[in-house]
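A.B. asks: Build me a model from this:
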Amino acid sequence: MKRNNHKILLFIFTAGLFLSSACRSSSNSGGFEILGPADETAEAAKLVQAANADLKKIKVLYEANENKRQELKNALGSDNKDEVKKISDGVVQLINEGFDSGKAAVEKIQQAGDMNTNDDYKEYLRLKESALLRQMEAFEQYRQAARTLRDNYDPKNTQQREKVKKDFEQRSENYREIMEKARSYSEQANELYKETRQKQQQ
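C.D. replies: Purely as a prediction, here's the structure:
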């Protein structure tokens, strides 16, 4: 009987050491470890928040560029070579400055998309990334149009002037169409975000 009691005490002592060790190892994570990858939606949201700071700069870029677009059209209408070159150079510089912010935002959103998040949030990130990539594509079209005007516009050379203006008009139209696609992706992302929030609140 004493031998059996000894075995029972030994088992309790060994089990106690095992549980104590398990609790210590899991205390660093706030509790017992969960099998499988941890949900990283909260961490991904922090990255998106940081990306939004970059996107605010893109919004400023967009608004400033819209004003420049109208100024450039007016200058082209009056065949004012100096004004066309001055404004188009300003557009090129403006977009160049904004591209760094755009790239930084894309990288953050892509990093968030690689994390382990729920399906709705992953789709939201995909739409956000698509919207931003389209915006950058649109701005690139307009940068090329402005660069062509800056470097090649000459109202005295009728053939060259018409060629440059035609290129400008085509790239401006590309800019408009691609920006519309960007807005569509952005609206889908915002709608998905609202729907998800409503589900969570129900």
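
A.B. asks: Any regions of the protein where pLDDT drops low?
C.D. replies: Along the chain, segments meeting pLDDT under 70 span 1-38.

A.B. asks: In it, where's the longest helix?
C.D. replies: Looking across the chain with DSSP state H, the single longest helix is helix 158-201.

A.B. asks: so what does the strand or helix carrying Ala131 touch, helix or strand wise?
C.D. replies: Assessed by DSSP states H and E, Ala131 sits inside helix 119-152. Contacts defined by 3 or more CB pairs under 8 Å, 6 or more residues apart in numbering; DSSP states H and E place helix 119-152 against helix 41-77, helix 81-113, helix 158-201. Any C-beta I mention is one placed from the backbone N, CA and C, and that applies to glycine too.

A.B. asks: Secondary structure class of Asp79, three-state.
C.D. replies: Applying DSSP: H, G, I helix; E, B strand; the rest coil to Asp79 yields a three-state assignment of coil.

A.B. asks: Look up how far Lys166 lies from it.
C.D. replies: When distance is defined by CB to CB, to the nearest Å, Asp79 is 15 Å away from Lys166.

A.B. asks: Give me the more crowded residue out of these two.
C.D. replies: Neighbour count, other CB atoms under 10 Å: between Asp79 and Lys166, Asp79 has more, with 14 against 10.

A.B. asks: what sits against that one?
C.D. replies: Pro155, Arg161 (CB atoms under 8 Å, 6 or more residues apart in numbering).

A.B. asks: Check the gap between Asp82 and Gln111 for me.
C.D. replies: Counting by CB to CB, the separation of Asp82 from Gln111 is 45 Å.

A.B. asks: Counting neighbours, go ahead and name the busier of the two.
C.D. replies: Ranked by neighbour count (other CB under 10 Å), Asp82 and Gln111 place Gln111 first, with 16 against 8.

A.B. asks: pretty sure the more buried one is touching Leu47, no?
C.D. replies: Yes: here Gln111 reaches Leu47: they are 5.7 Å apart, a contact under CB atoms under 8 Å.

A.B. asks: so who does the residue nearest the centre of the chain touch?
C.D. replies: Geometric centre of the chain, nearest residue: Val106, 3.8 Å, by CA atoms, centre = their mean. By CB under 8 Å, 6+ apart, the contact set of Val106 is Glu129, Leu132, Leu133, Met136.

A.B. asks: The first one and Gln111 touch, don't they?
C.D. replies: Okay, so that is Glu129. No: the pair Glu129 and Gln111 does not pass the contact test of CB under 8 Å, sitting 10.6 Å apart.

A.B. asks: hmm, back to that, for the helices and strands packed on helix 119-152, which one ends up most surrounded?
C.D. replies: helix 81-113 (a mean of 18; mean count of other CB atoms under 10 Å).

A.B. asks: That one versus helix 41-77: what angle between them?
C.D. replies: Relative orientation of helix 81-113 and helix 41-77, computed by axes from the mean of the first three to the mean of the last three CA atoms, to 10 degrees: 170 degrees.
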